[in-house]
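Q: Pasting the sequence and the predicted model now:
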Amino acid sequence: MSAVIEARALKKQYKGKFALNDCSFSIGKGRIVGLIGPNGAGKTTAIKAILGLTAVEGELRVLGLDPFKQREKLMEEVCFIADVAILPRWATAKDLIDYVEGTHAKFSRERCLDYLSDTDIKLSSRVGQLSKGMVVQLHLAMIMAIGAKLLVLDEPTLGLDILYRKRFYEQLLGDYYDGERTILITTHQVEEVEPLLNDVIFINRGKVALSETLDALAERYCNLTVDASRLEQAREFKPISEKRLLGKNQLLFDRADRDALKQLGDVAPPSLSELFVALLG
Amino acid sequence: MSALQQHWNEDQPIYRQLRDRLMEMILDRVIEEGDAMPSIRQISVELKINPITVTRAVQELEECGALEKRRGLGNFVKPGARDELLQQERKKFLKEDWPALRTKIERLQIPLETLLTPKPIR
């Protein structure tokens, strides 16, 4: 698996406060990766560094390039959608398509129009008149028509209703993702993206707290639900967290003997959000 | 679970649940023997799950001997697959599910006749 992003010991300070503090991770080609962390964990700084929008200490390679120094070259292969709408309100869809066609060698006008034909967006529509969901659709259509090798999504579905979120992920999987392209996605809607992901990176206080494939997580961690009578016995296996559930107790284990736990109660894989709370809460 | 991913429970990995669902589709003849299975991409987009997860579920069905690959055309339900799956699933039910159900029936002292009452037609 060749790495699309290789980050080693990244550091970034804002006014003496570390946004990234010895942050290392690697993202393989063709993976769909969730970058997950609480507010202020350093996600946005990490993304800015990957896109070459901010200089960082440490070693960072994106598609083999130094993002800060070779940004122009990198941008031929990388696309980005942020939670804050960055498309200018005064522009029409046609203005934007003309602009991207003129500036981006890999843009296919035909494909973009094809994607837009499935939406209610007209070429004459101004961004300012479109709903938030439609602005994201327009943005996604333009990006899919570029077919970049790496797509970075920062809270892409924030503020979108359920129907637009569904459409968004359908398009992402159906029209953009082909098993070769790589998607890096940050979101607080962990449950929603979990089934989409291959890998997850938990980031907290500027450091990587966990970086695993979802398969490996399912093997490493397990939840055990036990009656109070068996609680003490279960605790001997050293759970990393515990919670009460209507008279029962749920314990989360890291690399525990599953067969032994099964003797005590129900064993099931934890969800990403449960792990998030247990590890970063 | 969020409304977007309403299909899954948290007791089992998604690929297992998907495998079971595909299996039920074959048992219920929603997909007939000799029919093509929906493609990995189709399932992935429809359910909004990673294609690798789908591939795994389909692989497990292949391993049960329910599917056959036809080059360039994808997966098809094998002739005889339904009978084969029925046998396997019956065995599994009797071994894994029935003992617990039986204990529960006995605990609740439900008479046999009640259990055998025909299902009301909806």
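A: That came through fine. Residues are numbered from 1 along each chain as shown, chains lettered A, B, ... in the order given.

Q: Could you measure from the residue located most distally from the centre of chain B over to chain A?
A: Most distant from the centre of chain B: B:Gln109, at 30.5 Å, with distances by C-alpha atoms, centre = their mean. From B:Gln109 across to chain A, the span is 23 Å (C-beta to the nearest C-beta, to the nearest Å). Using the backbone N, CA and C atoms, a C-beta is placed for each residue, glycine as well.

Q: same thing with B:Glu24?
A: 19 Å.

Q: part of a helix, is that residue?
A: Yes - per DSSP: H, G, I helix; E, B strand; the rest coil, B:Glu24 lies within a helix segment.

Q: Run a quick neighbour tally on it.
A: 13 (other C-beta atoms under 10 Å in any protein chain shown).

Q: Look up the pLDDT of it for me, please.
A: Note on B:Glu24: pLDDT of 93.

Q: Distance-wise, check A:Ser124 relative to chain B.
A: A:Ser124 is 30 Å from chain B, by C-beta to the nearest C-beta.

Q: what helices or strands is the helix or strand containing A:Glu191 leaning on?
A: Using DSSP states H and E, A:Glu191 sits in helix A:190-193. Packing partners of helix A:190-193 (3 or more C-beta pairs under 8 Å, 6 or more residues apart in numbering or on different chains; DSSP states H and E): strand A:32-36, helix A:272-280.

Q: Strand partners (parallel or antiparallel) of the first one?
A: Applying DSSP bridges, strand A:32-36 is found paired with strand A:182-186 (parallel), strand A:199-204 (parallel).

Q: list the helices and strands the next helix or strand after that strand packs on?
A: Using DSSP H and E, the next helix or strand after strand A:32-36 towards the C-terminus is helix A:43-50. Counting contacts by 3+ C-beta pairs under 8 Å, 6+ apart, helix A:43-50 is packed against strand A:3-14, strand A:17-28, strand A:32-36, strand A:57-62, strand A:150-154, strand A:182-186.

Q: 7 Å instead, please
A: Where contact means 3 or more C-beta pairs under 7 Å, 6 or more residues apart in numbering or on different chains; DSSP states H and E, helix A:43-50 is packed against strand A:3-14, strand A:17-28, strand A:150-154.

Q: so that helix versus strand A:199-204, what angle?
A: 120 degrees (axes from the mean of the first three to the mean of the last three C-alpha atoms, to 10 degrees).

Q: Helices of chain B, residue ranges please.
A: Using DSSP state H, the helices of chain B run over residues B:14-27, B:40-47, B:51-63, B:81-92, B:98-108, B:112-116.

Q: Of all these, which one comes closest to A:Ile47?
A: Closest to A:Ile47 of the helices of chain B, according to C-beta to C-beta: helix B:51-63, at 24.1 Å.
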